[in-house]
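K.L.:
Fold the following and give me the result.
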Amino acid sequence: MTTSQTSVPGLKGNWTQFSLLVLINAFVGGMVGMERTILPEIAETDFGIAARSAIFSFIVVFGITKALANYFAGRFAQKYGRKNMLIVGWLFGLPVPFILMYAPDWNWIVAANVLLGINQGLAWSANVIMKIDLAGEKDRGLAMGLNEFAGYLAVAIVAFLTGWIAAEFGLRPYPFYIGIVLAVLGLVMSIVWVRDTASFMAYESDSSVLEHKKKNLFMEVSFRDRNMQSVSQAGMMTNFKDGMAWGAFPLFLATAGLSMTQIGIVVAVYPAFWGILQVATGKISDYTGRKKMLWAGMAVQGLSLLLFPFLEQFYAFILLAALLGTGTAMVYPTFLASIADLSHPKDMAESIGVFRLWRDGGYAIGAIFSGIVADLFDINLAITLTGVLVLFSALWILFRMNRLNEPVIKKFE
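P.N.:
Purely as a prediction, here's the structure:
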């Protein structure tokens, strides 16, 4: 099969399409950001829900749905096309802001998060796969850094904006108008301007030295390959921590006496550092090797969480939220680049889907765990125990991974 020059991977030659996908992924991230600051407050204020485990139910549903959608996005992207998965993801996202604005009871909020989980799983996964197709092996870390930078910076910006709008104009409906704009723009741009990238994958597969597994990729990524299994468990623990933080941080910070605007700032600083620094950390992992960046980033996250319950001042919370975001930035693009490094190009879409199944399943497990601990004991203990588990995950990577030590960039010197 002759592959056209336009299907040769590389950021320099494909920067226009790549940049478009970066922007669209920012819209995907913004859809999650509109919930992060204010939904726990809506549960208590509008619906009178006091139990932490009940409040965290929307995160549990979101995590399970997104995890499953990730897996099927990986499988179906190969079969039905990357662009089609992106468009379908946006179709599921369109009703979400309207439901959040006018939900008459908490069950509607939970239902909206089913749709949001599907939106995130399909649209974000398709975006990741398409960027990996376009970038090629040499720039994979940078590509994933830019992808996650756009998504999580948008989470931070929208989380801050919704917190500010809620403080000025009320919890509903005004903060969710942002979501309507994001969903409409994301869908229209995906239909009109995005091109499918399967031909780039075909080009790279011709020169790959890795074995094409063809089947049992779920078992390979989850259990059999010790390196991919190590990456998968660390991904799960990272989002375990985020599922806890999503539900617990606004409530914990309110208990500490912070205003809604201050809570919005702290909640936004964490994904802001997470988002902004990924451009650098993704590319740095191309030079240092993936393993070093992974275990160090997990350690930074765990230590940050252990310090959190000891703080009392607004600016101290900002500082530690920045540190937590930095640790997350170190691992997030490196996870995806690692799985891509270890996969044959024809296996890459499904392998990434399996990894993201485990990673985003962590949202649900973390929310369930922290909700139960917060109800039985207190939120402080939920944060502390999560920090301990994340540190254990760092040690798992340090002692179990036996590859990904060599800088990827050496292959091209």
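
K.L.:
Return the residues in contact with I379.
P.N.:
By CB atoms under 8 Å, 6 or more residues apart in numbering, the contact set of I379 is 52, 248, 251-252, 255, 370. To be clear about C-beta, it is placed using only N, CA and C from the backbone, and glycine gets the same treatment.

K.L.:
which one of these sits closest to S125?
P.N.:
Within the contacts of I379, proximity to S125 (CB to CB) peaks at S370, which comes in at 25.4 Å.

K.L.:
count of residues packed around the closest one?
P.N.:
A total of 28 residues lie near S370 under the criterion other CB atoms under 10 Å.

K.L.:
quick one: what helix or strand has it in it?
P.N.:
Remark: S370 resides in helix 345-376, with elements defined by DSSP states H and E.

K.L.:
After that helix, which helix or strand is next? Please name it.
P.N.:
In N-to-C order, the element after helix 345-376 by DSSP H and E is helix 379-400.

K.L.:
pLDDT (mean, whole number) over that following helix?
P.N.:
Mean pLDDT, helix 379-400: 96.

K.L.:
What of stretch 113-121?
P.N.:
Average pLDDT, stretch 113-121: 95.

K.L.:
quick revisit: out of the contacts of I379, name the ones that lie in strands.
P.N.:
Among those, none falls in strands (DSSP state E).

K.L.:
and the angle from the helix holding S370 to helix 379-400?
P.N.:
150 degrees (axes from the mean of the first three to the mean of the last three CA atoms, to 10 degrees).

K.L.:
How far off centre is helix 345-376?
P.N.:
Chain-centre distance of helix 345-376: 10 Å, with CA atoms, centre = their mean, to the nearest Å.

K.L.:
coming back round to it: in the contacts of I379, find the pair that's most separated.
P.N.:
Greatest spatial distance among the contacts of I379 (CB to CB): T255 and S370, at 14.4 Å.

K.L.:
gap between A43 and I383?
P.N.:
From A43 across to I383, the span is 19 Å (CB to CB, to the nearest Å).

K.L.:
Then W274?
P.N.:
The value you get for W274 to I383, if CB to CB is used, is 17 Å.

K.L.:
So which of the two has more stuff around it?
P.N.:
A direct count of neighbours by other CB under 10 Å for W274 and I383 places W274 higher, at 29 against 24.

K.L.:
and stretch 68-84, which residues are buried?
P.N.:
68-78, 82-84 (16 or more other CB atoms under 10 Å).

K.L.:
Kindly export it (C-alpha atoms) in PDB.
P.N.:
Output in PDB follows, covering the C-alpha atoms of stretch 68-84 (Å, rounded to 0.1, in the frame of the first residue of the first chain):
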ATOM      1  CA  LEU A  68     -16.000   1.900  30.100                       C
ATOM      2  CA  ALA A  69     -16.400   4.500  27.400                       C
ATOM      3  CA  ASN A  70     -12.600   4.700  27.200                       C
ATOM      4  CA  TYR A  71     -12.300   1.000  26.600                       C
ATOM      5  CA  PHE A  72     -14.900   0.900  23.800                       C
ATOM      6  CA  ALA A  73     -13.500   4.100  22.300                       C
ATOM      7  CA  GLY A  74     -10.200   2.400  21.900                       C
ATOM      8  CA  ARG A  75     -11.700  -0.700  20.300                       C
ATOM      9  CA  PHE A  76     -14.200   1.100  18.100                       C
ATOM     10  CA  ALA A  77     -11.800   3.800  16.900                       C
ATOM     11  CA  GLN A  78      -9.900   1.100  15.100                       C
ATOM     12  CA  LYS A  79     -13.000  -0.400  13.600                       C
ATOM     13  CA  TYR A  80     -15.300   2.700  12.900                       C
ATOM     14  CA  GLY A  81     -12.800   5.600  12.800                       C
ATOM     15  CA  ARG A  82     -11.300   8.000  15.200                       C
ATOM     16  CA  LYS A  83     -13.300  11.000  13.900                       C
ATOM     17  CA  ASN A  84     -16.600   9.200  14.300                       C
END
